[in-house]
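In: Sequence and predicted structure are below.
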Amino acid sequence: MTTTTLAVLVPLLPFLGAVAGLLLGRTAPGFVRPLAVLPTLTSLVLAALVAVRQGGDAAVDAATELTPTGSVPIELALHIDGFAAPVAVLVGLVASCVQIYSTGYLRDDPRYPSYAALVSLFTSAMLLVVYSGDLMVLLVGWEVMGICSYFLVGHYWETPQARAASLKAFLVTKLGDVPFLIGLFALATDAGSFRVTRILGTVASGGLDHPTLIALLLLAGVAGKSAQFPLHTWLPDAMAGPTPVSALIHAATMVAAGVYFIARLLPVFEASQAAMVVMAVMAAVTMAGSALAALAQDDIKRVLAYSTIGQLGYMTGALAVADRGAAVFHLLSHGAFKALLFLAAGVIIHAAGTNSLAAMSRMRNLRDRIPDAYWTMTVALLALAAIPPFSGFFSKEAVLGVAEHVVTGHTEHAPAAAGWIVLVAGLVTAVLTAAYAMRLWLLAFRGRGTEAPDHGRQPLTMTVVLWVLAVPSLALGGFAFRVLPDWFDGRDLGPTLTTSVLGTGLAVAGGIVTYAAWRHTTAHAARVPLGAVAAHPGGDAARVEAEAIATHEPAYGDIAHAPDPADPGRLLLGPLHRHAAAGFHLDAVYTALFVRPVRAGASLVRFLDREVVETYVRGAGALPRWLGTAVRRSQTGNVQTYVSALLAGTVVLAVAVVLVATGA
């Protein structure tokens, strides 16, 4: 079987699994789980075979015209290079782990068949984005992911939080997709094609007429899809969906699609120095702001959501200094350890019966009851904090290293301003990342309160997946930085001495300061009575999470919504904590700038429609009705009245004729 045929099957199999799952979900429920897991696993194996055959050599290109357009053609095209092949393997790995994990996590969920089918469709769409060599076909996968995320985030549609979050995610990403679509059309107009290879050829020959405009339009769509400032506000709210959905969307798939898109078309952005600086500023604000917000969150999944935003900022920063190798390296590394973090968080939420870190910090022996989640999440948090030798250290240092090269003038592919912005923001974020990672670990696993409630044991499928993802979280970085340069652009991805010492030193300092703050706050914290524990018999993890979302409070009656007296984040952030916890009030700003004016405009239109337009419509109907009423009342049925009226009319006409004649 040829490499092209294998590549076609990679996105096709999950799509067929989704269709079969939707058709057989009600009539043959026994086939739902195999149809969810087996096509995705097979797709992973085929993606690995494609990667082995591609091997970092010349790109695999194949195309056939989809339909004649009369102008710019649209083609079903494959373009599999050294970037696409490993990203597809990562997508297949995370999607397979999520599907296997979900068989246990949502084992009693009545909507599991539709959920599994949507996850498969989502996976197929992302793989289409990765392999597609035509931007219009890529756009199809891009938009299918958006609609799937709408339904998956709103899985618990009974809760107002899930309904609002799904709608917000859809609208905010669509807000970025509008300029993104315009940018695609402008790019195709300048290049005369939607094919990636022809567009890159046009850029290389200097044939792009409007590089800055095109780059900024495309960047708006990327900001929405990859949750970059200022279109990042949908991602923390998307935590209202099931935890496996969070792992899928926020690890290797949808949010990474924007970064991957820029990496594939990086020469288009390099053609505009202004666009590169704008991208660097966007990445810097995203990195630092999201890290501060993560340090103030009480919900464990919102901490991870803001963490995802910050790590995507690192990837965007690498692209802003013109190194797509470092960006995709961090994408691969982050995809593994962030999926592990979310799936481990699902086990913790199930065991604790709450998603509140404040409540978890008052539970004792939680780590002893879920040792698999404890050890694997520890590995993932060390990778997130970029502590050597975990994978996050190597990929994050690749980003900081290339920024240092730009600053010191070792490369001229990016403006020096972009290098300084990314380097400084990256180092500041390294401190904050280690701080919120240490805070999460302490509050989740070092509680000193009452015994954690028993919600039953986790299914084996959930714990096995954690250990599978722990392997790349631990070992991927040290292996990948030696191998990936041959697959990518050939640039060295190894850590440099200066940024390694600075980054690791700052990360260790951030962790130590946070631990000291935790010890200080714990020693001086007032004892909070724990009250009754809301015990849930059985082990339906999805139900426990759904109840936590629905109630928006911990499973402890006396401490619902109570701030954690041992939270080091409050001490570290001080007066900034309240603003960081609210995401620096960006939602309130958008409400004032956009939501209220739109609502006011809608109210004005409704008033004009009801009070002005409908008045004319009602008047047009009322006048004939009044005339009809007057005529109807004149029809009395009395012959004498009719004769009298006839005579009176005759007299009036006669008088009128006489007057006219006299006047003439």
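Out: Okay, I see it.
In: which helices and strands does the helix or strand harbouring residue 78 pack with?
Out: In the assignment (DSSP states H and E), residue 78 maps to strand 74-80. On a contact count with 3 or more Cβ pairs under 8 Å, 6 or more residues apart in numbering; DSSP states H and E, strand 74-80 meets helix 3-24, strand 60-67, helix 112-131, helix 135-153, helix 196-204. C-beta: built from backbone N, CA, C; applies to glycine.
In: Looking at the ones you listed, spot the one closest to residue 426.
Out: helix 112-131 (26.2 Å; Cβ to Cβ).
In: Tell me what angle that closest one forms with helix 3-24.
Out: 160 degrees (axes from the mean of the first three to the mean of the last three Cα atoms, to 10 degrees).
In: pLDDT of helix 112-131, averaged?
Out: For helix 112-131, mean pLDDT rounds to 94.
In: Please name every helix or strand in contact with that helix.
Out: Helix 112-131 packs on helix 3-24, helix 32-54, strand 74-80, helix 84-105, helix 135-153, helix 243-250, helix 254-264, going by 3+ Cβ pairs under 8 Å, 6+ apart.
In: Try it again at 6 Å.
Out: helix 3-24, helix 32-54, helix 84-105, helix 135-153 (3 or more Cβ pairs under 6 Å, 6 or more residues apart in numbering; DSSP states H and E).
In: And whichever helix or strand residue 482 is part of, what's buried?
Out: Assigned by DSSP H and E, residue 482 belongs to helix 460-487. By 16 or more other Cβ atoms under 10 Å, the buried positions in helix 460-487 come out as 461-463, 465-466, 468-470, 472-474, 476-477, 480-481, 484-485, 487.
In: before we move on, the earlier item: highest average neighbour count across the helices and strands packed on strand 74-80?
Out: helix 112-131 (a mean of 26; mean count of other Cβ atoms under 10 Å).
In: got the contact list for it?
Out: For helix 112-131, the surrounding residues in contact (Cβ atoms under 6 Å, 6 or more residues apart in numbering) are 7, 10-11, 14-15, 17-18, 21-22, 25, 32, 36, 40, 78, 80, 84, 87-88, 91, 95, 106, 138, 141-142, 144-145, 148, 151-152, 253, 257.
In: what's the helix or strand for residue 208?
Out: With DSSP H and E as the criterion, residue 208 is inside neither a helix nor a strand.
In: Just the pLDDT for it.
Out: Among the per-residue scores, residue 208 shows a pLDDT of 89.
In: tally of neighbours for the nearest residue to it once chain neighbours are set aside?
Out: With sequence-adjacent residues excluded and distances taken as Cβ to Cβ, 6 or more residues apart in numbering, residue 208 is closest to residue 190, at 5.2 Å. Residue 190 is flanked by 18 other residues according to other Cβ atoms under 10 Å.
In: And the pLDDT at residue 190?
Out: For residue 190, the predicted pLDDT is 91.
In: For the host helix or strand of it, which helices and strands make contact with it?
Out: For residue 190, the host element (DSSP H and E) is helix 160-191. Judged by 3+ Cβ pairs under 6 Å, 6+ apart, helix 160-191 is in contact with helix 135-153, helix 196-204, helix 211-225, helix 234-237.
In: count of residues packed around the nearest residue to residue 173 once chain neighbours are set aside?
Out: Using Cβ to Cβ, 6+ apart and skipping the chain neighbours, the partner closest in space to residue 173 is residue 224 (4.5 Å). Number of residues near residue 224 (other Cβ under 10 Å) recorded here: 26.
In: Residue 258 versus residue 224, what's the distance?
Out: Distance, residue 224 to residue 258, by Cβ to Cβ, to the nearest Å: 8 Å.
In: for residue 358, same thing?
Out: 33 Å.
In: try residue 520
Out: Taking Cβ to Cβ, one finds residue 520 at 40 Å from residue 258.
In: Just want to know which of those two has more residues nearby.
Out: residue 258 (27 against 13).
In: Go ahead and confirm that one touches residue 226.
Out: Yes - between residue 258 and residue 226 there is a contact at 3.2 Å, judged by Cβ atoms under 6 Å.
In: Find the residue ranges of this structure scoring beneath the pLDDT cut-off.
Out: Across the chain, the ranges flagged by pLDDT under 70 are 252, 452-456, 525-540, 543-565, 664.
In: how about 50 then?
Out: 528-538, 552-561 (pLDDT under 50).
In: would you say residue 157 is within a helix?
Out: No - Residue 157: not assigned to a helix; according to DSSP: H, G, I helix; E, B strand; the rest coil it is coil.
In: mind checking which of the helices and strands packed on helix 160-191 is nearest residue 330?
Out: helix 211-225 (15.7 Å).
In: For that closest one, which outside residues touch it?
Out: Contacts of helix 211-225 (Cβ under 6 Å, 6+ apart): 173, 176-177, 179-180, 182-183, 186-187, 231, 257-258, 262, 269, 271-272, 274-275.
In: Please find the angle between the direction vectors of the helix holding residue 190 and helix 243-250.
Out: 20 degrees.
In: Distance from the chain centre to helix 160-191, please.
Out: Centroid separation for helix 160-191 versus its chain: 12 Å, with Cα atoms, centre = their mean, to the nearest Å.
In: Name the residues of it that come out as buried.
Out: 161-162, 165-166, 168-170, 172-173, 175-177, 179-184, 186-188, 190-191.
In: what's the next secondary structure element after the helix holding residue 482?
Out: Next along from helix 460-487, by DSSP H and E: helix 497-524.
In: Contact partners for the residue at minimal distance from the centre of the chain?
Out: By Cα atoms, centre = their mean, the chain has its centre lying nearest to residue 255, at 4.6 Å. Neighbour list for residue 255: 226-227, 312 [criterion: Cβ under 6 Å, 6+ apart].
In: From residue 140, how far off is it?
Out: Distance from residue 255 to residue 140, by Cβ to Cβ: 19 Å.
In: cool, and residue 50?
Out: 21 Å.
In: cool, residue 519 as well?
Out: 53 Å.
In: Residues in contact with stretch 571-590: which ones?
Out: For stretch 571-590, using Cβ under 6 Å, 6+ apart, the contacting residues are 233, 292-293, 296, 517, 521, 570.
In: Okay, buried residues for that stretch please.
Out: 571-573, 577, 580-581, 583-584, 587.
In: do the same with stretch 260-278
Out: Result for stretch 260-278 [16+ other Cβ under 10 Å]: buried residues 260-272, 275-278.
In: start to end distance for it?
Out: Stretch 260-278 has an end-to-end distance of 18 Å (criterion: Cα to Cα, to the nearest Å).
In: now that stretch, how far from the chain's geometric center?
Out: 21 Å.
In: from memory residue 345 sits against residue 302, does it?
Out: No - shown here, residue 345 and residue 302 do not form a contact pair, counting by Cβ under 6 Å, at 10.5 Å.
In: and the two? which has more neighbours close in?
Out: For the pair residue 345 and residue 302, the greater number of neighbours falls to residue 345 (26 against 22), based on other Cβ under 10 Å.
In: give me the element the more buried one is part of.
Out: helix 324-352.
In: Next: residue 397.
Out: helix 391-407.
In: could you dump that helix to PDB, C-alpha only?
Out: The C-alpha trace of helix 391-407 is given here as PDB (Å, rounded to 0.1, in the frame of the first residue of the first chain):
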ATOM      1  CA  SER A 391      10.100  16.800  28.100                       C
ATOM      2  CA  GLY A 392       8.900  20.300  28.700                       C
ATOM      3  CA  PHE A 393      12.400  21.500  29.600                       C
ATOM      4  CA  PHE A 394      13.800  20.600  26.200                       C
ATOM      5  CA  SER A 395      11.000  22.100  24.100                       C
ATOM      6  CA  LYS A 396      10.600  25.300  26.100                       C
ATOM      7  CA  GLU A 397      14.400  25.800  26.100                       C
ATOM      8  CA  ALA A 398      14.300  25.400  22.300                       C
ATOM      9  CA  VAL A 399      11.900  28.400  22.200                       C
ATOM     10  CA  LEU A 400      14.000  30.500  24.600                       C
ATOM     11  CA  GLY A 401      17.200  29.500  22.800                       C
ATOM     12  CA  VAL A 402      16.000  30.700  19.400                       C
ATOM     13  CA  ALA A 403      14.800  34.000  21.000                       C
ATOM     14  CA  GLU A 404      18.300  34.500  22.400                       C
ATOM     15  CA  HIS A 405      19.800  33.800  19.000                       C
ATOM     16  CA  VAL A 406      17.600  36.600  17.500                       C
ATOM     17  CA  VAL A 407      18.600  39.000  20.300                       C
END
